[in-house]
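In: A predicted structure for the sequence below; I have some questions about it.
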Amino acid sequence: MPQPSWSLNRRTFLRGTGLALALPWLEAMASAAPSTPKPKRFCAFFFGNGVSLTKPTDPTSDWNWFPRTEGADYKFTRSLETLSDHRKDLTIFGQLSHPSSRQLVGHNTGDVWLSGADIRQNLNNSVSIDQLIAREYGRHTRIPSLVLSSNGGTGMKSRATTISFDQQGRAIPAESNPKSIFERLFEKPAEVDRDARARVLASGRKRVDFLMEDARSLRGQLGRLDQQRLDEFLSSLNEVESRLNRAQDWLGKAMPDVDRSKINLEVSQKGPTDYIRTMMDLIVLAFETDTTRVATYQISSEDGHGICDRFPGILNFGKHGGHHGLSHSNPSKESSWGEYDRYLAEQFAYFLTRLSAIREGETRVLDRTLAMFGSGTSSTHNARNYPTVLAGGKDLGLRHGQYIKAREERPLGDLFVTMLQRLDFPVRKFADNAGEFSEIV
């Protein structure tokens with residue numbers, strides 16, 4: 001069928017004197033959809049220290065994180081009822097975990113939540129699912145992936161302050177300053193700065209090319225073990241070269257026109273609600289403008305590390321001070337831990353509401369986004385039965401609206417493989433999976 005004269009390509013730009021500006025989604029772009037499919041996206045939100053678990057006979061039984069009944073007729077507990085408006089767009093999972101992590105102290109599992117790596121011997125990680133996706137999706141966007149946390153940086157092994165790990169299993173430093181993140185994503189550099197950056201990038205590429213050539217010539221003179229180490233080094237250089245090439249390719253392309261006044265950047269971790277929501281707003285903006293299609297956000301880390309541990313105290317949830325202290329309270333006698341769980345779920349609900357409000361033709365951005373929310377422990381030190389919510393993806397073939405509880409502990413990798421397949425990755429194995437999650441497709 002011939003394309004109507006009024007149809008537009010998704011990548012259409014307005015061009016003026018020395019200016020190119022990307023258009024937002026317009027209905028006129030719909031007819032171009034077969035050749036320019038709307039993007040698919042992935043994001044994950046992690047919180048440490050597990051959740052409140054109670055017995056049906058406890059006076060605080062309503063503050064159990066997991067629903068009491070399974071299937072489509074489940075009832076939200078008080079811990080998750082803030083997600084009720086999105087019931088049709090999400091699935092709650094019970095009895096999921098990574099097999100190699102089940103005997104670990106729960107605080108260790110934050111590192112491997114998205115990778116499923118076996119760190120029992122040496123704490124060496126493997127690539128996280130977001131970075132596997134970003135390796136492919138990142139070819140189409142200015143930023144391959146957005147890696148955020150409330151603490152920032154990488155932390156230390158087994159207590160990382162990031163949930164993203166590269167192809168070699170190395171922790172990717174997370175960003176935590178909203179203003180700096182916004183400026184990196186959306187601030188247009190001055191012409192003189194752009195020229196200077198172009199020269200730096202060109203010089204950087206030449207240096208990497210020289211190092212690659214020199215290292216390859218050395219390989220034949222080395223033993224097997226040293227060759228393996230050199231190959232790891234060359235792989236790292238390849239990633240550096242790829243980033244330099246990307247930066248150079250995108251340098252002259254238009255950046256999205258984002259109104260800075262529409263987002264609250266004057267926030268800090270001392271005001272947790274505003275801070276968390278601004279971080280989520282940045283992800284929404286990055287998705288809406290197709291600046292990236294992959295994002296992770298570690299809302300809180302494990303074991304009392306970093307400023308995010310103080311969030312419950314700042315918000316007056318109980319008298320236990322930090323999040324780690326709160327996780328050592330007795331949920332059968334007091335509800336403060338469950339109340340904080342509810343607070344975290346409310347922030348995720350805010351994110352889902354934002355994505356639901358943005359249209360891409362006939363669909364919502366949420367319908368083409370897989371959004372994961374959860375932790376790597378059920379209770380403080382128990383690395384089983386991870387609290388897990390998966391939302392979005394209606395346009396990708398996911399069926400939601402149920403609580404699925406496995407009869408016995410099931411690999412979280414089963415869910416990962418199913419997500420990867422819906423995102424067009426023809427994989428059968430990832431993160432020690434035993435199969436796939438046919439229940440949601």
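Out: Sure, I can see it. Numbering: from 1, shown residues only.
In: so what secondary structure elements neighbour the helix or strand hosting residue 42?
Out: Assessed by DSSP states H and E, residue 42 sits inside strand 41-46. Under the contact criterion of 3 or more CB pairs under 8 Å, 6 or more residues apart in numbering; DSSP states H and E, strand 41-46 touches helix 129-137, helix 272-288, strand 294-298, strand 369-374. Where you see a C-beta, it was placed from the backbone N, CA and C, and this is true even at glycine.
In: please repeat the previous calculation with a cut-off of 7 Å.
Out: helix 129-137, strand 294-298, strand 369-374 (3 or more CB pairs under 7 Å, 6 or more residues apart in numbering; DSSP states H and E).
In: direction included, what does that strand pair against?
Out: Strand 41-46 sits in its sheet next to strand 294-298 (parallel), strand 369-374 (parallel), going by DSSP bridges.
In: and those strands as JSON lines, adding mean neighbour count?
Out: Below are these laid out as JSON lines (neighbours: other CB atoms under 10 Å):
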{"stretch": "strand 294-298", "mean neighbour count": "28"}
{"stretch": "strand 369-374", "mean neighbour count": "24"}
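In: can you redo these as JSON lines with distance to residue 52 and mean pLDDT?
Out: Compiled in JSON lines, the strands paired with strand 41-46 are given as follows (distance: least, CB to CB, whole Å; pLDDT from 0 to 100):
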{"stretch": "strand 294-298", "distance to residue 52": "20", "mean pLDDT": "98"}
{"stretch": "strand 369-374", "distance to residue 52": "14", "mean pLDDT": "98"}
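In: which residue ranges form the strands in this structure?
Out: Remark: strands assigned in the chain by DSSP state E are 13-16, 19-22, 41-46, 90-97, 146-149, 155-156, 159-160, 294-298, 359-360, 363-364, 369-374, 388-391, 402-411.
In: most tightly packed of those strands?
Out: Among those, judged by mean count of other CB atoms under 10 Å, the one packed with the most neighbours on average is strand 294-298 (a mean of 28).
In: just want the angle from that one to helix 272-288.
Out: Angle of strand 294-298 versus helix 272-288, following axes from the mean of the first three to the mean of the last three CA atoms, to 10 degrees, is 170 degrees.
In: low-confidence stretches in the protein?
Out: Along the chain, the model assigns pLDDT under 70 to residues 1-35, 189-216, 230-234, 236-252, 254.
In: give me that answer again for 90
Out: For the chain, the stretches with pLDDT under 90 are 1-37, 103-109, 121-123, 157-158, 187-262, 303-306, 318-321, 361-362, 379-381.
In: report the central residue of it.
Out: In the chain, the centroid-proximal residue (CA atoms, centre = their mean) is residue 296; its distance is 2.2 Å.
In: looking at the strands paired with strand 41-46, which is closest to residue 439?
Out: Between residue 439 and these, the shortest gap by CB to CB is with strand 369-374, which sits at 15.6 Å.
In: before we move on, back to that, and of the strands of the chain, who's closest to residue 70?
Out: Of all the strands of the chain, strand 402-411 sits nearest to residue 70, with 4.9 Å by CB to CB.
In: who's in contact with that closest one?
Out: Identification of contacts with strand 402-411 by CB atoms under 7 Å, 6 or more residues apart in numbering yields 67, 70-72, 74, 91-99, 102, 384, 432-434, 439.
In: next, the angle from that strand to strand 90-97.
Out: Interaxial angle, strand 402-411 versus strand 90-97 (the same axes, to 10 degrees): 20 degrees.
In: just to revisit the earlier point, out of the strands of the chain, nearest to residue 114?
Out: Comparing the strands of the chain by CB to CB, strand 41-46 comes nearest, at 6.1 Å.
In: CA atoms only for the closest one, dumped as CSV, please.
Out: The C-alpha trace of strand 41-46 is given here as CSV (Å, rounded to 0.1, in the frame of the first residue of the first chain):
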residue,chain,number,x,y,z
ARG,A,41,11.3,-0.9,26.7
PHE,A,42,12.5,-2.5,29.9
CYS,A,43,13.0,-1.1,33.4
ALA,A,44,13.5,-2.5,36.9
PHE,A,45,13.1,-1.1,40.4
PHE,A,46,14.8,-2.7,43.3
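In: mind checking how far it is from the chain centre?
Out: Relative to its chain's centre, strand 41-46 lies at 3 Å (CA atoms, centre = their mean, to the nearest Å).
In: just the helices in the stretch 151-300 of the chain please.
Out: Applying DSSP state H, counting those that start in this stretch to the stretch 151-300 of the chain gives helices spanning 178-186, 191-219, 224-250, 272-288.
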